[in-house]
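# Structure, please.
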Amino acid sequence: MAVAKRLVFPSKMQVEVEEFEIPDDPKPGEVIVENLCSLISPGTELAMFTETHIGFPIPDFTYASFPFRPGYATVGRAAKVGFGVDDIAEGDVIFTRNGHESHTLVRTSRPIHKAPPGMAVQHVPFAALAQIALTAVRVTDTRLGFTAAVFGQGLIGNLAAQLLQRAGALRVVGIDVMQHRLDLSAQCHIDSQINPAHTKDLDDMLDHLAHGAGFHIVVEATGDPSVIPQAVKTARERGQVVLLGSPRGTTQIDPYFDVHVPGVSIIGAHGRHVANTTEFGDPDPTELMLAFIAEKKITVAPLITHTFAASDASKAYNGLLSRKDSHLGVLLDLKQWG
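Numbers count the residues shown, from 1 in each chain. Predicted coordinates for the structure are as follows:
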């Protein structure tokens, strides 16, 4: 057995490097991947790092517990390929949903996704977050000419806004209180940006952009439950409100005046639901997002703000936590473990 390394949260606000064993050679149907870099998912991983995930107080919700091994957006190269794996060759660039680790053992019992030829390696991990953002399109009735407002222009909100544009939305508005994120939103060619902190009357501004009718699709991508009531009020009659960011608490809305009378639908859109759409003939979401990124149908390059060595993961997480005005797309170099 060989020794590999990975990140672990042993307790609140702590990140360490731990060793684990990986086979020297793959069995039939297996591939050993030597990882290159990974993308931190700020919402999920910071909720676990800070012990603020809503599942921590629930004993039966074992996902939210320590030790926790973070990460699900990784790219690497096939180092050794086992017998019977015909569509993967040594040296192929592989996208995996494994953690922040130096090596990964993948099995053909689950789909193995190769990066499209020529795709920038550092762009590959964004497919994981783009797949989550894709939920905002696939669970709604988005069509040509619709309008959409996206609360939150972090990674998920930005990618959701781009995908809504690609799906035919006539106007997409990105909303965030951090100007840096709105600047990146504009660099990613999202139609309009609003900073509530710099807007005297947010309702009037949104009403103006929606031509007085409200938005067909409203996406809540911040995970802040206090934003949900505003998102619901922003929808037009019979509009759809998508809870894309995992809420980190509870909230209150007026079910009669804000939902029942206008006929607004509130849709839960946890990322796990998007994969189910393949049952109905939709393309595989991971392959689709890899292709969209490789062909520059969605833009990710401006979203990369920092790259840290895996051994400096503490700096990466604390930067995302305390310097949200500058840290957004943070990559970890999985070849550097100190």
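
# Surely residue 163 touches residue 129?
No: taking contacts as Cβ atoms under 8 Å, residue 163 lies outside contact range of residue 129: 11.1 Å. No exception for glycine: its C-beta is placed from N, CA and C like everyone else's.

# And these two? Which one has more around it.
residue 129 (28 against 25; other Cβ atoms under 10 Å).

# which ones are touching the closest residue to the more buried one other than its chain neighbours?
Excluding its sequence neighbours, the residue lying closest to residue 129 (Cβ to Cβ, 6 or more residues apart in numbering) is residue 155, at 5.1 Å. With contact taken as Cβ atoms under 8 Å, 6 or more residues apart in numbering, residue 155 is in contact with 41-42, 126, 129, 303, 328-329.

# In helices, which of those fall?
Judged by DSSP state H, helices contain the following of these: 42, 126, 129.

# measure stretch 19-36 end to end?
Across stretch 19-36, the terminal residues are separated by 17 Å (Cα to Cα, to the nearest Å).

# for it, which positions count as buried?
Residues of stretch 19-36 classed as buried: 22, 26, 30-36 (neighbour count, 16 or more other Cβ atoms under 10 Å).

# go on, stretch 115-135?
Quick answer for stretch 115-135 (16+ other Cβ under 10 Å): 115, 119, 122-135.

# If you average the pLDDT over that stretch, what comes out?
The pLDDT scores in stretch 115-135 average 96.

# how far does that stretch stretch from start to finish?
End-to-end distance for stretch 115-135, by Cα to Cα: 21 Å.

# What residues does the residue nearest the centre of the chain make contact with?
In the chain, the centroid-proximal residue (Cα atoms, centre = their mean) is residue 129; its distance is 2.7 Å. Contact analysis of residue 129 by Cβ under 8 Å, 6+ apart lists 39, 41, 73, 155-156, 159.

# change it to 10 Å
By Cβ atoms under 10 Å, 6 or more residues apart in numbering, the contact set of residue 129 is 39-44, 72-73, 154-156, 158-160, 271, 289, 300, 303, 329.

# again, but for residue 123
By Cβ under 10 Å, 6+ apart, the neighbours of residue 123 are 39, 75, 115, 290, 293-294, 296, 299-301, 303-304.

# Relative to residue 147, which of those is nearest.
residue 299 (20.9 Å; Cβ to Cβ).

# can you tell me how far the closest one sits from residue 186?
11 Å (Cβ to Cβ, to the nearest Å).

# Compare the two and say which is more crowded by neighbours.
Using other Cβ under 10 Å as the criterion, residue 299 and residue 186 rank with residue 299 on top: 19 against 15.

# mean confidence for stretch 159-178?
Here stretch 159-178 scores 97 as its mean pLDDT.

# in that stretch, what counts as buried?
159-165, 167, 169, 171-178.

# ok, which pair from the buried residues of stretch 115-135 is furthest apart?
Largest separation among the buried residues of stretch 115-135 by Cβ to Cβ: 122 and 135, giving 23.8 Å.

# Which secondary structure element of this protein has the lowest mean pLDDT?
One helix or strand of the chain scores below all others by mean pLDDT, DSSP states H and E: helix 202-209, with a mean of 89.

# Quick one: distance of it to the chain centre.
In terms of Cα atoms, centre = their mean, to the nearest Å, the centre of helix 202-209 is set 27 Å apart from its chain centre.

# Mind listing residues that contact it?
Outside helix 202-209, the residues within contact range by Cβ under 10 Å, 6+ apart are 147, 149, 171-173, 175, 191-192, 194-196, 199, 201, 213-215, 218, 230, 233-234.
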